[in-house]
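S.K.: got a sequence here, can you model it:
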Amino acid sequence: MFYAGIDVAMDKHDCVVLDSDGNCIVEVFTFKNNRDGFKTLKKVLLSCSRNPKKIKVGLESTGHYSDNLLAFLNSIGFAPVLFNPLHTNLFRKGLSLRKTKTDHVDAHTIATMLRTEDLKSYSQQSYHLAELKSLTRYRSALVSDCSRHKVTLVRLCQILFPELKTVVSALHVASVYALLSELPSADKIAKCNLTHLTALLSSASKGHYSRDKAIEIRDAARASIGIKSVVKELELQQTIELIQIYQQQIEAVEEQINNLMDEIDSPITSIPGIANRMAAVILAETNNFQDFERAEQVLAFAGLEPSVYQSGQLTSTHSKMVKRGSKYLRYAIFNATKYVCHWDPTFRSYLAKKRAEGKPYNVAVSHAAKKLTRVMFHLVKTNKEFVPQA
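M.R.: Residues are numbered from 1 along each chain as shown. Predicted coordinates for the structure are as follows:
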């Protein structure tokens, strides 16, 4: 058996090949992250053995840097093993007291881990799940950016027209966006013709805001302490444009997510409170639970298991969640749990039981999240729909 460890980088990768006794068969060599480089890697690996099953290839999980390499290795018959960078870092430190970290050392470390540990090969995601993972993470980034611009809008309103928030139901609604896009300051609203202001608000709010509301907003603008600033008015108008663009993009992404979820038709969406948005993240991040043999492994991957510390007679009694693994999965499970506890009587009573035991709300939710994870794991593995308990 041969063991090839690959240290992945953006433009090039380093590889070393060991045999079963740990002897170096192929010294560390560097190949580029392009087609010619991949051909070089294939040539070197097949020179060790023509049978890909006799060569174990391992590399760190480095996000998008390793995606193309993984696809190439799978296409030529290899079953690569993916390592958590934290795992390889701790293993490397255990091999030597020297504080040495280079690409060559990392390649040797990965090859040694392949040789000494029983590890599961990387399971390539199906097309639907791979697309779903890209979409859900892209949506998360869009929502984050949109939220940042909404904070900017609130800041600018506080400068240009601080009284506005007291006379409207909310700042982040279509009617307020329409108002501020055309009249981005208290000064401009105060000088606006009442008939035009009424028509603008009525149209944008679909008739919800009448002439009385227009008068109330105009009076607030006339008494406002907001400053006049052409620059900040421009920033406010462009911020609103950006928010609306992000909202359109989020809607388009969610439509694609819903289409994929309809094709996947997962049983976890039968759980009350879990809709396509949260279910998509859970399925994409866990590869539809295909990479896990037990529900406890999913909890560990999501960072929802408690840390354990014991030394001699000392045992930690107040353990925090480890919060390692996929932050997207952890967020999705934790928030899905809140909805499930609201809609399902069994989970609602379980949450109430934990609260009655004196546990803080978030701690009680984390207990319910573990229960929900086990339920979802069982439903997917058995392909059964959720049946509410009487």
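S.K.: identify all contacting residues around stretch 185-196.
M.R.: Taking contacts as CB atoms under 8 Å, 6 or more residues apart in numbering, the residues outside stretch 185-196 that touch it are 160-161, 163-164, 179, 183, 197, 211, 214-215, 217-218, 220-222, 224, 226, 228-229, 232-233, 236. Where you see a C-beta, it was placed from the backbone N, CA and C, and this is true even at glycine.
S.K.: how far out from the middle of the chain is it?
M.R.: For stretch 185-196, the distance from its own C-alpha centre to the chain's C-alpha centre is 43 Å (CA atoms, centre = their mean, to the nearest Å).
S.K.: list the buried residues of that stretch.
M.R.: Within stretch 185-196, the residues that qualify as buried by neighbour count (16 or more other CB atoms under 10 Å) are 185-190, 192.
S.K.: now swap in stretch 75-94 and tell me
M.R.: Per 16+ other CB under 10 Å, stretch 75-94 contains these buried residues: 78-83, 87-88, 91-92.
S.K.: those residues into JSON lines, with extra columns for pLDDT?
M.R.: Shown next, in JSON lines, are the buried residues of stretch 75-94 (pLDDT from 0 to 100):
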{"residue": "F78", "pLDDT": "89"}
{"residue": "A79", "pLDDT": "86"}
{"residue": "P80", "pLDDT": "88"}
{"residue": "V81", "pLDDT": "86"}
{"residue": "L82", "pLDDT": "83"}
{"residue": "F83", "pLDDT": "82"}
{"residue": "H87", "pLDDT": "66"}
{"residue": "T88", "pLDDT": "73"}
{"residue": "F91", "pLDDT": "70"}
{"residue": "R92", "pLDDT": "69"}
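S.K.: would you turn those into CSV with secondary structure and distance to G58?
M.R.: Formatted as CSV, the entries for the buried residues of stretch 75-94 read as follows, by DSSP: H, G, I helix; E, B strand; the rest coil; distance: CB to CB, whole Å:
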residue, secondary structure, distance to G58
F78, coil, 10
A79, coil, 10
P80, coil, 7
V81, strand, 4
L82, strand, 8
F83, strand, 6
H87, helix, 11
T88, helix, 9
F91, helix, 11
R92, helix, 13
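S.K.: ok, so of those, who is nearest V340?
M.R.: For the buried residues of stretch 75-94, the minimum distance to V340 (CB to CB) is 30.8 Å, reached by L82.
S.K.: nearest to Y361 among the buried residues of stretch 75-94?
M.R.: Nearest to Y361 out of those is H87 (CB to CB; 33.2 Å).
S.K.: now do the contacts for the residue nearest to T269 when sequence neighbours are not counted.
M.R.: In space, not counting the residues next to it along the chain, T269 is nearest to A279; the distance is 5.0 Å by CB to CB, 6 or more residues apart in numbering. By CB under 8 Å, 6+ apart, A279 lies in contact with 261, 266, 268-269, 336.
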